[in-house]
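*Asks:* Got a sequence here, can you model it:
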Amino acid sequence: MNITQVKVSKTQESGRMKAVASVTFDNEIAVHDIKVIDGPERLFLAMPSRKAADGTYRDIVHPINAEARAVLEQAILEKYRELVENEPEPTPEPETEPDVDSE
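*Replies:* Residues are numbered from 1 along each chain as shown. Just a heads-up that it's a prediction; the model follows:
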């Protein structure tokens, strides 16, 4: 199965989640809501999950071997890095002088 499309959208949140990705395989199957997380040592992926009755979260879809995980991670993180590199620099706000009441 080949990855035929990767879409990554940065999040507006200031937490550890940096982006959300959708991946299409063989132009036939799409997986949405793959999260790009800023971990303590590196960026990593969190697969789409659902909360179970016991309060734990279980992945809905996930790679079943290390090779598949590496391919998926490389494709998504490459698109994420391109997005970050091509992002325009924020325009600094002009400094304003404080209002001084004249007496």
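*Asks:* Show the contacting residues for residue 91.
*Replies:* With contact set as C-beta atoms under 8 Å, 6 or more residues apart in numbering, residue 91 has no partners. No exception for glycine: its C-beta is placed from N, CA and C like everyone else's.
*Asks:* Tell me the confidence at it?
*Replies:* Note for residue 91: predicted pLDDT of 70.
*Asks:* Same question for residue 99.
*Replies:* Taking residue 99 on its own, its pLDDT is 60.
*Asks:* With residue 13 instead?
*Replies:* Looking at residue 13, its pLDDT reads 72.
*Asks:* what about it, how many neighbours?
*Replies:* Neighbour count of residue 13, defined by other C-beta atoms under 10 Å: 8.
*Asks:* Just the helices from this protein, written as ranges.
*Replies:* With helices called from DSSP state H, the chain shows them at 66-85.
*Asks:* quick one: the strands in it?
*Replies:* Ranges of strands in the chain, per DSSP state E, are 3-10, 17-25, 29-38, 43-46, 49-51, 57-59.
*Asks:* what's the closest non-adjacent residue to the most centrally placed residue in the chain?
*Replies:* Nearest to the geometric centre of the chain sits residue 19, at 2.1 Å (C-alpha atoms, centre = their mean). Leaving aside its sequence neighbours, residue 19 sits nearest to residue 36 (C-beta to C-beta, 6 or more residues apart in numbering; 4.1 Å).
*Asks:* shouldn't that neighbour be in contact with residue 17?
*Replies:* Yes - contact status for residue 36 versus residue 17: in contact at 7.1 Å, counting by C-beta atoms under 8 Å.
*Asks:* Of these two, which one has the most company?
*Replies:* Set side by side, residue 36 and residue 17 show more neighbours around residue 36, with 25 against 14, by other C-beta under 10 Å.
*Asks:* Run through the bridge partners of that one.
*Replies:* Bridge pairing for residue 36 (DSSP bridges) gives the partners residue 19, residue 45.
*Asks:* quick one: contacts for it?
*Replies:* For residue 36, the contact set (C-beta under 8 Å, 6+ apart) comprises 8, 17-21, 43-45, 76-77, 80.
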